[in-house]
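**Student:** just the structure for this:
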Amino acid sequence: MTAKETISFVYVTYIQSTPEKVFEAITRPDLARRYWGHENVSDWKPGSRWEHIRANDDRTVELVGKVVEVTPPKRLVMTWTNASQEADPDSYSRVTFDIEEYEDMVRLTVAHDDLLAGGGMAKGVSKGWPLVLSSLKSFLETGRALDVFAKPKAA
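**Tutor:** Below you'll find the predicted structure:
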């Protein structure tokens, strides 16, 4: 049996905010909806299920996982997979949010690892995280989020 080849992505951004506000923006469904277009729903206790629910009329559960570690407002670790692949243990990756004070701002590091190399999830998150984190930054600093569903203009 061959071990699966995995890859990781790490994104770092600096946000003019507080650790508490950044942590809340990630974990409160009403805030995540505003900059992510999805709600992150859980009781945020280790071992609990979390769901990433599309904030539209059909409320589609797109991603699911388990909360691995929670240390508000400094760290959140959770597993992550497409809802359609929930039964496949090999489909899960892991996301870690590290939130630290950095003078009068926050340094947010998002590490997404254990991604199947060349897989659809790896391709999706390599484009998705930069946009979501930029939108989070804009939202917390200005009150206005980016359109995370925007598409590139045709040349």
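
**Student:** tell me which element residue 46 is part of?
**Tutor:** Assessed by DSSP states H and E, residue 46 sits outside every helix and strand.

**Student:** can you give me the neighbour number for it?
**Tutor:** 11 (other Cβ atoms under 10 Å). To be clear about C-beta, it is placed using only N, CA and C from the backbone, and glycine gets the same treatment.

**Student:** ok, longest helix in this structure?
**Tutor:** Longest helix of the chain, by residue count under DSSP state H: helix 120-142.

**Student:** then that one to CSV, C-alphas only?
**Tutor:** Taking C-alpha atoms only, helix 120-142 is exported to CSV below (Å, rounded to 0.1, in the frame of the first residue of the first chain):
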residue,chain,number,x,y,z
GLY,A,120,-9.5,19.1,-5.7
MET,A,121,-9.5,20.3,-2.1
ALA,A,122,-5.8,21.4,-2.4
LYS,A,123,-6.6,23.3,-5.6
GLY,A,124,-9.6,25.0,-4.1
VAL,A,125,-8.0,26.1,-0.8
SER,A,126,-4.9,27.4,-2.6
LYS,A,127,-7.2,30.0,-4.2
GLY,A,128,-9.9,30.2,-1.5
TRP,A,129,-7.8,31.1,1.6
PRO,A,130,-6.1,34.2,0.2
LEU,A,131,-9.5,35.6,-0.8
VAL,A,132,-11.2,34.7,2.5
LEU,A,133,-8.4,36.0,4.6
SER,A,134,-8.3,39.3,2.6
SER,A,135,-12.0,39.6,3.0
LEU,A,136,-11.7,39.0,6.8
LYS,A,137,-9.0,41.7,7.0
SER,A,138,-11.1,44.2,5.1
PHE,A,139,-14.2,43.3,7.2
LEU,A,140,-12.5,43.8,10.5
GLU,A,141,-10.6,46.9,9.5
THR,A,142,-13.3,48.7,7.5
